[in-house]
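S.K.: mind folding the following:
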Amino acid sequence: MFQKATLIPALRAAIALNCSIQHVSRFDRKHYFYHDQPAGYQITQYYEPFAKDGSITLTIHDGIGAEDGEQVTIGIKQIQMEQDTAKSQELDDDITLLDFNRVGHPLIEIISLPHIHSPETAAAYVRKVQALLFSVDAVTTGMEMGGLRADVNVSVRRRDAEPGIHSYSGIVGLGQRTEIKNLSTLKGVEDAIKAERDRQITVLEAGGAIEGETRGWSLTYPKETRRLRGKEGEVDYRYMPDPDIPPLIIAKEIVNHLTKTLPKLPDGLLVMLTDPQRYGLSMTDGKILLSIDDGERLDYFQEVVDALRLRRYFRKIHDALQQRLDEHESEQIEKSLGRVAGNWVLHELGSLLTTSEMAWTDNKVSPGALADIIDQLIHSKVTGSTAKQVLKMVFDGDERTVGQIIKEDGLAFRPLSSHEYEVLAKDVIEANPDVVEQICDKGRTGKLMFLVGQMMRQGEEGRVEAQKAEKTLRQLLSEKQS
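M.R.: The predicted structure is shown next:
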């Protein structure tokens, strides 16, 4: 029986992949006798699938191969609903274990057209599809948990052969293809294609012919693909209409509603995250944020930035009432909030998780607490090292508020006065006459940062600001030269 609950996530996936949704679709039986399908047939949608004619565009930011230039659009022939098969695990050449727990479970199969020219682009395509499906809640786990698998068709031809005709009905002029089944990692996709490509080239250069067949790949045999069975054609599968399941009728109103309410897709999210007016992240940080922790880190990041902006709003009101609002400085701080928050969410907090060998779900630092730490740092209430110290304390389970930790542990930053900077700078200048001579008499201004470092070492820990130390030194050395 068709399970209606499967339709909505399937439709969201098809819409995200730019497919045309079919008003009427039908189910077929695909007959074959193999140990992963005990019924002897698989329920699928071969002739009249629920979605057709989609596409997905990849760019260099997605990690495509050099053969595909800066951008490539990969056509999607159709998306069909069908039954899952048993999971096979090869122990060695003679023994295969079968797990029948997933047999009969519903899934969608996305059939792409042969528009991919490199193993790197193939892996990038699978990665992008996975990201799209995550973003529209069509899957709940990634490849590593079995939420997505890839069957890869590989063929080779000489570079000087006819280039073929690209169309949505396929490509003319390709070599005989083989199919590698059930690849479960992105690295596996890339490595299996490379191995099969090299195998086919070796066979052809030796004067042999490529057979149409299904081949396997596993961690047990990392260097080569191996034959599983001969590849059946359409006639061999003896497709016939399923006699038990009636046609599936999809109303336009459902498609229109899902299209309008579809969440923002990864490309749109990346544009938003890297937009200087929104979050201002680098392309690298934006892509990392989108690809990790099933989207939970992205939600956390946005909550941190929202909390920071709320704190900025109340601080601006306070500063305006105190008549000490610097509009330029305030604008610069607001523009940098996303970038600063991104650094702390991805790198500082991420480093703690990695060092502790903890998953994102174990994170005890609330978005509000991290926003408080960043806010204190931005407004020079604590130093960078102190902010990291406070983050570690909260991460380790300190239940006090950030404000309480800073106050009770005496961690608040106490800036030096101009007089204290001047006294410290004079001591450093007197203690390093050789360096001063090189700066004043020989013009080696690069040595100035050595003196700045000496001031920060001699001053009370965390109280000497490098910029103010450098400014004071420049002023005193300029007076000395005069």
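S.K.: show me the domain layout of this protein.
M.R.: Recorded structural domains for the chain (assignment: automatic domain parsing) are 4-260, 266-408, 418-481.
S.K.: next, the distance between the ends of stretch 17-36.
M.R.: By Cα to Cα, to the nearest Å, the extent of stretch 17-36 from end to end equals 29 Å.
S.K.: pull out the buried positions in it.
M.R.: Residues of stretch 17-36 classed as buried by neighbour count (16 or more other Cβ atoms under 10 Å): 17-19, 21-22, 25-31, 36. For every residue, glycine as well, the C-beta is placed using N, CA and C.
S.K.: and which of those is nearest to Asp244?
M.R.: Distances from Asp244 to these, taken as Cβ to Cβ, are shortest for Phe27 (8.6 Å).
S.K.: isn't that closest one up against Pro241?
M.R.: Yes - assessed by Cβ atoms under 8 Å, Phe27 is found in contact with Pro241 at 7.5 Å.
S.K.: which of the buried residues of stretch 17-36 fall within strands?
M.R.: Ile21, Ser25, Asp28, Arg29, Lys30, His31 (DSSP state E).
S.K.: so which of the residues you listed is the closest to Glu67?
M.R.: Ile21 (32.7 Å).
S.K.: separation between that closest one and Glu190?
M.R.: Remark: distance between Ile21 and Glu190 (Cβ to Cβ, to the nearest Å) = 32 Å.
S.K.: now do the strand of greatest length in the chain: which elements does it pack against?
M.R.: Scanning the chain for the strand with the most residues, using DSSP E, yields strand 71-83. Here strand 71-83 touches helix 7-16, strand 41-44, strand 51-59, strand 106-112, going by 3 or more Cβ pairs under 8 Å, 6 or more residues apart in numbering; DSSP states H and E.
S.K.: what comes up buried for stretch 209-216?
M.R.: Here stretch 209-216 shows Ile210, Glu213, Thr214, Arg215, Gly216 as buried, counting by 16+ other Cβ under 10 Å.
S.K.: what residue ranges in the stretch 301-450 of the chain score low on pLDDT?
M.R.: Applying pLDDT under 70 to the stretch 301-450 of the chain picks out residues 316-334.
S.K.: where exactly do the helices run in it?
M.R.: Listed in chain order, the helices of the stretch 301-450 of the chain (DSSP state H, counting those that start in this stretch) span residues 327-343, 349-355, 367-378, 384-395, 402-408, 418-431, 433-440, 448-458.
S.K.: out of the ones you listed, the one nearest Thr178 is which?
M.R.: Closest among those, once you apply Cβ to Cβ, is helix 349-355, at 39.6 Å.
S.K.: if I pick Leu107, what's in contact with it?
M.R.: Taking Cβ atoms under 8 Å, 6 or more residues apart in numbering, we find Leu107 in contact with Met81, Glu82, Gln83, Asp84.
S.K.: can you check Ala251 too?
M.R.: Ala251 touches His23, counting by Cβ under 8 Å, 6+ apart.
S.K.: and the gap between it and Phe450?
M.R.: 74 Å.
S.K.: which of the contacts of Leu107 has the most neighbours?
M.R.: Greatest neighbour count in the contacts of Leu107, by other Cβ atoms under 10 Å, goes to Met81: 22 neighbours.
S.K.: possible to save the contacts of Leu107 as JSON lines with pLDDT and distance to Ala359?
M.R.: What follows is the contacts of Leu107, written out as JSON lines (pLDDT from 0 to 100; distance: Cβ to Cβ, whole Å):
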{"residue": "Met81", "pLDDT": "96", "distance to Ala359": "33"}
{"residue": "Glu82", "pLDDT": "94", "distance to Ala359": "33"}
{"residue": "Gln83", "pLDDT": "93", "distance to Ala359": "32"}
{"residue": "Asp84", "pLDDT": "91", "distance to Ala359": "27"}
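S.K.: among the residues you listed, which one lies nearest to Phe413?
M.R.: Asp84 (58.5 Å).
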